[in-house]
Structure formats: C-alpha cells, structure tokens
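Peer 1: A structural model of the following input is requested.
(one chain, ligands or ions: 2)
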Amino acid sequence: MPDLQRSFKIKFNDFMKAGDVSVKIQGILKTIGFDPDLIRRVSVCAYESEMNVVMHGGDGDVLLTVDPKNITVHVRDDGPGIENTELAFQEGYSTATHEHREMGFGAGMGLPNIKKSADAVEVNSEKGQGTHLKISFNVE
Ligand SMILES: Nc1ncnc2c1ncn2[C@@H]1O[C@H](COP(=O)(O)OP(=O)(O)OP(=O)(O)O)[C@@H](O)[C@H]1O
Ligand SMILES: [Mg+2]
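Peer 2: Ligands and ions are numbered 1, 2, ... in the order given. Take a look at the predicted model:
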C-alpha cells in the first residue's frame with residue numbers, strides 16, 4: 001500500500017477549473033515537506049498533463065501516490081487518444097485549435113516538458129482509446 005493516495009477528477013473543456021488539480025497536488029507535496037525543486041518538477045508535469053486532458057482529451061482523472069521512494073502521477077482520460085505518441089512528444093508538435101492558441105496554449109511543449117521534468121514517463125494511448133500517462137519521480 002502506498003503511504004498516500006489521492007484521486008481527482010478532470011472535466012474536458014472546463015477552463016474555469018483547469019489547473020486546480022495541479023495546485024492541489026502541489027499543496028499536498030508542500031505539506032509533506034518535499035524538496036522544492038522536486039515539488040516544482042511534479043507540479044509542471046501535473047499541470048501540463050491536466051491541461052492536455054482539458055484541451056485534447058476527455059473527462060478524466062488523476063491519481064497521486066506517494067511512498068518513501070517514489071511520487072507517481074497517473075493521468076487518464078477517455079478522449080480520442082493519441083495516434084502517434086512518438087510524434088506527440090516532439091517539441092513543437094501540436095493539434096491545438098485556434099481558440100486554444102488564443103488562450104496561450106499550443107506551443108507543443110507540454111509533453112516534452114513532462115519528459116524533461118520527470119524521472120520516468122510511460123504513455124499508453126491509441127486512437128479512440130483514451131490516454132494514460134504514468135509519470136514517476138524518485139524521492140531523494
Ligand atoms: N490527453 C490527450 N489526448 C489526446 N491527445 C493528446 C493528449 N495529450 C496530448 N495530446 C496530443 O499531443 C500533442 C502535443 O501535446 P503537448 O502537450 O506537447 O502540446 P500542446 O498541448 O499542443 O501545447 P502546449 O502544451 O505547449 O500548450 C497535442 O497537441 C495533442 O495532439
Ligand atoms: Mg499541452
């Protein structure tokens with residue numbers, strides 16, 4: 001059993017609440033007292049994956065688990081999935097709409113930043129199947 005486990009819902013296209021989950025995760029990790037740089041890296045990954053669910057995915061959820069050796073963030077959605085995950089992780093690749101770009105999104109840097117900030121990233125997605133990202137961090 002992990003020492004701590006929390007789950008959160010994400011709603012597709014809900015830009016009013018977008019970002020709330022990553023703020024909550026940041027708060028939990030601060031309360032536990034993790035190193036600020038580790039918290040910053042987890043927050044970047046949580047935020048970028050949360051925004052991707054809101055913009056490109058579908059309704060979804062986030063599961064945060066913390067144990068003495070690892071922090072893990074599982075992000076799932078029941079959206080359209082990613083046809084080519086290798087392409088999606090390339091810097092600058094984006095299918096963001098005009099509206100998303102007007103809000104300042106769509107640089108195609110979210111997934112590359114997740115990859116850089118995490119210790120390990122696993123993606124499971126197929127077209128029409130939804131998306132699951134498992135993002136892991138070593139503690140210490
Ligand atoms: N949960 C998801 N469901 C479906 N497609 C996704 C999902 N997450 C990412 N993608 C696809 O991968 C692309 C790249 O994602 P990435 O986060 O790197 O860039 P972006 O969201 O388009 O722009 P930015 O994050 O810089 O604002 C997206 O444009 C989208 O096509
Ligand atoms: Mg993104």
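Peer 1: Stretch 104-124 and ligand 2, are they touching?
Peer 2: Yes - under the criterion of C-beta under 5 Å from the ion, ligand 2 is reached by stretch 104-124 at Gly110. Using the backbone N, CA and C atoms, a C-beta is placed for each residue, glycine as well.
Peer 1: residues touching Thr65, list them.
Peer 2: 2, 4-5, 71-72, 74 (C-beta atoms under 8 Å, 6 or more residues apart in numbering).
Peer 1: so which two of those residues are the farthest from each other?
Peer 2: Greatest spacing in the contacts of Thr65, by C-beta to C-beta: Leu4 and His74 (13.7 Å).
Peer 1: Got the phi and psi for the spatially closest residue to Val62 that is not a sequence neighbour?
Peer 2: Closest residue to Val62 apart from its sequence neighbours, by C-beta to C-beta, 6 or more residues apart in numbering: Phe8 at 4.7 Å. Backbone torsions of Phe8, given as degrees, to the nearest 10, read phi -140, psi 150.
Peer 1: what's the pLDDT at Phe8?
Peer 2: According to the prediction, Phe8 has pLDDT 98.
Peer 1: Was I right to think it contacts Ser49?
Peer 2: No - if you go by C-beta atoms under 8 Å, Phe8 and Ser49 don't touch, sitting 11.6 Å apart.
Peer 1: Show me the common contact partners of these two, please.
Peer 2: Joint contacts of Phe8 and Ser49 (C-beta under 8 Å, 6+ apart) are Val62.
Peer 1: And these two? Which one has more around it.
Peer 2: Ser49 (29 against 17; other C-beta atoms under 10 Å).
Peer 1: Pretty sure the more buried one sits against Val75.
Peer 2: Yes - shown here, Ser49 and Val75 form a contact pair, counting by C-beta under 8 Å, at 4.2 Å.
Peer 1: Common neighbours of these two, please.
Peer 2: Going by C-beta under 8 Å, 6+ apart, residues that sit against Ser49 and also against Val75 are 62, 133, 135.
Peer 1: Nearest to ligand 2 among those?
Peer 2: Leu133 (11.3 Å; C-beta to the ion).
Peer 1: and the residue nearest to Val62, what is it in contact with?
Peer 2: Counted by C-beta under 8 Å, 6+ apart, Phe8 has contacts 21, 24-25, 61-62, 64.
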